[in-house]
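> Got a predicted structure here, sequence first:
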Amino acid sequence: MANGRKKLKLDKRMLSILKGLAVYILIALAALIFFYQVSGPPQTGNEVPISQIITDVKEGKIQKILLEGDKLTADVKNSDQKLTSHKEAGESLYKILEASGVDPKLITIEVKDTSIQQAWIGLISAILPVIILVGLMFLLFRNAREGAQGIFSFAQSRARLFTKDQPQIKFSDVAGADEAKKELEEVVDFLKSPQKYKEMGAKIPKGVLLVGPPGCGKTLISRAVAGEANVPFFSIAGSEFMEMLVGVGAARVRDMFAQAKKNAPGIIFIDEIESIGRMRGMGFTGGHDEREQTLNQILVEMDGFTPNDHVIVLGASNRPDLLDPALIRPGRFDRRVILNMPDLEERKAIIKLHMKGKPFTDDVDVEKLARRTVGFSGADLANMLNEAAILAAREGKKAIDHIVLEEAATKVKLGPQRKRMQTEKDRKLAAYHEAGHAIVGHNLSNVDPVHRISIVARGLSGGHTMFPPTEDRSNETKSRLVEQITTALGGRAAEEMVFKDISTGAANDLEVASTIARDMVTEYGMSDLGPINIKPRPMFGLWSRMTDEGGGVSQAMQAKIDTEVKKIIDSSYKQSQQILLKNKIKLDKVANTLLEKETLESDEFEKLVGKKKVLS
Ligand code: ADP
Ligand code: MG
Ligand code: ZN
């Protein structure tokens, strides 16, 4: 099906190229005719002035003159030479000769009647421009009409259809996510045997909202639902509804639902639904209007489902907090399936699934790998294993080993290594900065042990110190958050202590620290302001942004928040300075080893500074 469409597209392209060519050919032809008319036909023989012919006739050199219209061709006596010339239009050759004192009877003058020919030329040169003009206009109009059709085709939904014939994804291709699967199995059953539910008088759900962070398998599991139920799957991203023209999104929605109903039973999958389903605010801009229309159309379509339509809409979002309440009302996306970041067991399952078909050395331990990858989404894991395979192939290895996997895991989270010119001073700064993070974190009981320190640049950072979580935690405590801030500020503190100067390298650390501190104050109620949520609400619409309402937080309160944030940051910074001062010798040791080796693994680090004491 996709193939046929492609061919059609190709033919269309060829057609437009041909059309372009035709226009050029017509223009060239017109130009040619124009020049031909202006300059006369190309000359054969020797063109001479008419006076020359007259003199030659006088001198008896000419045998015969052939007259075609205004063109004369003179045969020279006793030779094959022919002279050509032109007389003035309308003048008679006899008169010209007589006027020059030549007896026309001296030579034979043959007159070829060209009046018919001339009449034709006259006719053609009069009509041809008109024909060309009409032809051009015809082509232009056709183009315009097609262009207009192009605009109308905007209205067709761009949903990609995965039919039953395509390779199907089943629930077995989704590792973990057992709860989500259980809920979705119900949807599968609805699609497979709607009769059963109808007999019970049960209403079939119209919309299911899949919620979860990016890469946790929302798209995958939706396709698996279609695969299990063996129904067509229409997939479109919310942002694809949006176009420059207002009204297009709504038209696309209408078209997509019509298509799906035609192919019922089936699934419509709307990815990033928050991009259209955002809360409606008071906006004046066109984009806002367009979104509202599109959203309304979706609601209308969903409300318009008859019990016999058997089309279920799956929407995916990673920001359900932004969704318009109208969208999650009963009869719309009233079911919610939550997909979380995979826990240890789920990571193991996902890793195993994506290990299939790849060779591994015996020392690769799935359990260890799963422990090492806390905070990785399903997509991260799939990505990591693929990167590892690529790396192993590039290095000419026979199988994927531990080292390659470790590099791949780092690459997935931090970006590829960046070899760049670094001055010795830069390296020293980076070494102390990273050593600062490591030493501070090492001396705080709630921070996870150092996994690795490196001053090899990656992505945007000049180096990194990793403290991957050793366990899946669902909650953060105040003491752990504070210690995270202190660790993040360790880099800056080390720079200041050793170089008596500070660098821009800490910008990201400061952002991390400030964000945690602000969340502690405004969201988690972990400051002297008490257990209160004063997080500024996201502001929608031009009006609220223009008036800077502060997201529902008064200015006095905003000032208090700032003070509390600063208090947390200041005390954390002081603490990291104290830790470094007390451990100056260890700091030097770590920094110098880093300069020498560039990367330190956890055991090498512990050899330098001793085992981590866990107080709690
Ligand atoms: P989302 O739509 O939530 O952003 P995707 O469904 O697009 O995430 O997942 C991206 C890729 O990650 C999938 O194609 C798959 O390879 C992998 N993946 C994610 N979650 C899982 C899982 N639970 N089991 C197996 N693979 C997964
Ligand atoms: Mg997705
Ligand atoms: Zn840093």
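The structure has been received and is ready for your questions. Ligands and ions are numbered 1, 2, ... in the order given.

> where does the stretch 51-200 of the chain have low pLDDT?
In the prediction, the stretch 51-200 of the chain carries residues with pLDDT under 70 at positions 142-167.

> Can you show me the strands along it?
62-68, 71-76, 82-86, 108-112, 160-162 (DSSP state E, counting those that start in this stretch).

> same thing with the stretch 251-400 of the chain?
Using DSSP E, counting those that start in this stretch, strands in the stretch 251-400 of the chain cover 266-271, 311-317, 335-338.

> could you dump those to a markdown table with mean pLDDT and mean neighbour count?
For glycine as for every other residue, the C-beta is placed from the backbone atoms N, C-alpha and C. Formatted as a markdown table, those follow (pLDDT from 0 to 100; neighbours: other CB atoms under 10 Å):
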| stretch | mean pLDDT | mean neighbour count |
| --- | --- | --- |
| strand 266-271 | 88 | 25 |
| strand 311-317 | 89 | 26 |
| strand 335-338 | 88 | 18 |
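
> Redo those as CSV? Include distance to ligand 1.
Shown next, in CSV, are those (distance: least, CB to the nearest ligand atom, whole Å):
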stretch, distance to ligand 1
strand 266-271, 7
strand 311-317, 6
strand 335-338, 12
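
> Quick check: which of these is nearest to ligand 3?
strand 311-317 (32.8 Å; CB to the ion).

> Neighbouring strands - and their directions - for that closest one?
According to DSSP bridges, strand 311-317 forms sheet pairs with strand 207-211 (parallel), strand 266-271 (parallel).

> Out of the ones you listed, which gets nearest to Val440?
strand 207-211 (36.4 Å; CB to CB).

> pLDDT of the closest one, averaged?
For strand 207-211, mean pLDDT rounds to 91.

> Please see if it touches ligand 1.
No - Strand 207-211 is not in contact with ligand 1 by CB under 6 Å from any ligand atom; minimum separation 7.6 Å.

> For this protein, which residue gets nearest to ligand 3?
Closest point on the chain to ligand 3, by CB to the ion, is Gly491, at 3.4 Å.

> So which other helices or strands are in contact with the helix or strand hosting that residue?
Taking DSSP states H and E as the criterion, Gly491 maps to helix 478-499. Secondary-structure packing of helix 478-499 (3 or more CB pairs under 8 Å, 6 or more residues apart in numbering; DSSP states H and E): helix 424-442, helix 507-522, helix 555-582, helix 584-597.

> so which of these is the most packed in?
Mean neighbours per residue, mean count of other CB atoms under 10 Å, is largest over the helices and strands packed on helix 478-499 for helix 424-442, with a mean of 24.

> Following element in sequence after that helix, please.
Beyond helix 424-442 toward the C-terminal end (DSSP H and E), the next one is strand 452-454.

> What's the first helix or strand after that next one?
Next element after strand 452-454 (DSSP H and E): strand 464-466.

> Give me the residues contacting that next one.
410, 414, 434, 437-438, 441, 450-454, 458 (CB atoms under 8 Å, 6 or more residues apart in numbering).

> same thing but 6 Å
414, 434, 437-438, 451-454 (CB atoms under 6 Å, 6 or more residues apart in numbering).

> Please render the strands of the stretch 251-400 of the chain as CSV that adds distance to Pro104 to the earlier fields.
CSV is the format used below for those (distance: least, CB to CB, whole Å):
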stretch, distance to Pro104
strand 266-271, 94
strand 311-317, 96
strand 335-338, 108
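
> returning to what we had before: max pairwise distance over the contacts of strand 464-466: which two?
Greatest spatial distance among those (CB to CB): Leu414 and Ala438, at 15.9 Å.

> Now for the residue lying closest to His433 once chain neighbours are set aside, how many residues are close by?
The shortest distance from His433 to any non-neighbouring residue, by CB to CB, 6 or more residues apart in numbering, is to Gly491 (4.1 Å). Applying other CB atoms under 10 Å, we find 30 residues neighbouring Gly491.

> From what I see, Gly491 and Ala507 are in contact.
No - the pair Gly491 / Ala507 is not scored as a contact, 10.5 Å apart, by CB atoms under 6 Å.

> Show the pLDDT at Tyr511.
Not quite, residue 511 is Glu, not Tyr. Looking at Glu511, the pLDDT reads 93.

> same deal with the one 10 residues further on?
Note for Val521: predicted pLDDT of 94.

> what's near enough to touch it?
Contacts of Val521 by CB under 6 Å, 6+ apart are 527, 561, 564-565.

> Let me have those in CSV, extended by pLDDT and distance to ligand 3.
Converted to CSV, the contacts of Val521 look like this (pLDDT from 0 to 100; distance: CB to the ion, whole Å):
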residue, pLDDT, distance to ligand 3
Ser527, 92, 25
Ile561, 93, 25
Glu564, 95, 24
Val565, 95, 19
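
> What residues does the residue of the chain closest to ligand 3 make contact with?
Counted by CB under 6 Å, 6+ apart, Gly491 has contacts 433, 436-437, 506, 509.

> min pLDDT across those residues, which one?
Lowest confidence among the contacts of Gly491: Ala506, with 88.

> Skipping adjacent residues, who's closest to that residue in space?
Per CB to CB, 6+ apart, closest to Ala506 is Arg492, 4.0 Å.

> so how many other residues sit close to that neighbour?
Arg492 has 23 nearby residues by other CB under 10 Å.

> So Cys216, which state does it fall into?
Following DSSP: H, G, I helix; E, B strand; the rest coil, the label given to Cys216 is coil.

> for the nearest residue to it once chain neighbours are set aside, what are its contacts?
Nearest non-adjacent residue to Cys216, counting by CB to CB, 6+ apart: Leu339, 4.6 Å away. Going by CB under 6 Å, 6+ apart, Leu339 touches 177, 180, 212, 216-218.

> mind running it again at 10 Å?
174, 176-177, 179-180, 210-213, 215-218, 220-221, 316, 318, 377-378 (CB atoms under 10 Å, 6 or more residues apart in numbering).
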